[in-house]
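Asker: everything below, folded, please.
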Amino acid sequence: MNGWGMTDRGAVRSQNQDSFALELVPGRDIALCVVCDGMGGANAGNVASSIAAEGFMDYVKNGLLKVSETAELSVLIRQAASYANSMVYEVASVEKECIGMGTTLVGAIVVGDYASVINVGDSRAYLINQEGIHRITKDHSLVEDMIDRGAITREEAVRHPDKNLITRALGVDSRILCDVFELKLNKGDSLLLCTDGLSNIVDDETIWKYAQDTDKGSCCRRLVELGLKLGAPDNITVVLLEK
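Answerer: Next up, the predicted model:
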């Protein structure tokens, strides 16, 4: 298992409120990663995303010591997100400058050929291979709900003025509702996690094309560079795992 990650504040924002963490366990074919996109005034978004990413990773690493079979990973990843939520919520409840802060979260635990993926908000996870690109997660956003109702098309959602409004965020309530996905990875498959700073300006087909480069290590950098070239109105974070 190989992995890479990169984040950039983009071409417009003065601060990077995204956070990510990536850890590979040598000799055990295990990879852990998380990507968070914070929200809130002043530094609060940055605080929320960094607390969530650190809390999620710490919980997963400790929990893996007690996991005996892959079927338990989905339970562990839910617990890790819940723990991260409680950490952000607690700080937001006691620190005046952090009131109302929150963050998206998309994370993955990969053990061998088994992957468990979780998301809250509109940060995404994709499965990528030679056959194409498949979005694993579903955005918790206003425009995604409108698509489900048939009010707008997916093409219209790309240009919708409210495309950045999310319907779920980690840290804004004492409990969090997450979506968990289980999948099997084959040799050569990749998982790509990103914030909407990438997915809002780079289409899925282009992401797939960039991920086909034999130099996988440069994929994250080149996607961030593409985002910057396109104007990067938001922070951009990309994490890539290759089986």
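
Asker: work out for me the element the most centrally placed residue in the chain sits within.
Answerer: In the chain, the C-alpha nearest the mean C-alpha coordinate belongs to residue 106, at 3.1 Å (C-alpha atoms, centre = their mean). For residue 106, the host element (DSSP states H and E) is strand 105-111.

Asker: residues in contact with the helix or strand following that strand: which ones?
Answerer: Counting by DSSP H and E, the next helix or strand C-terminal to strand 105-111 is strand 114-120. For strand 114-120, the surrounding residues in contact (C-beta atoms under 8 Å, 6 or more residues apart in numbering) are 70, 73-74, 76-78, 80-81, 85, 104-109, 125, 136-138, 140, 168-170, 176-185, 191. Where you see a C-beta, it was placed from the backbone N, CA and C, and this is true even at glycine.

Asker: which of those residues count as buried?
Answerer: For the contacts of strand 114-120, a burial check counting by 16 or more other C-beta atoms under 10 Å picks out 70, 73-74, 76-78, 80-81, 85, 104-109, 125, 136-137, 140, 168-170, 176, 178-181, 183, 185, 191.

Asker: on that earlier part again, and the strand holding residue 106, what does it pack onto?
Answerer: Under the contact definition 3 or more C-beta pairs under 8 Å, 6 or more residues apart in numbering; DSSP states H and E, strand 105-111 sits against strand 30-39, helix 44-64, helix 73-94, strand 114-120, strand 124-129, strand 190-194.

Asker: quick one, that strand and strand 124-129 angle?
Answerer: Strand 105-111 runs at 40 degrees relative to strand 124-129, counting by axes from the mean of the first three to the mean of the last three C-alpha atoms, to 10 degrees.
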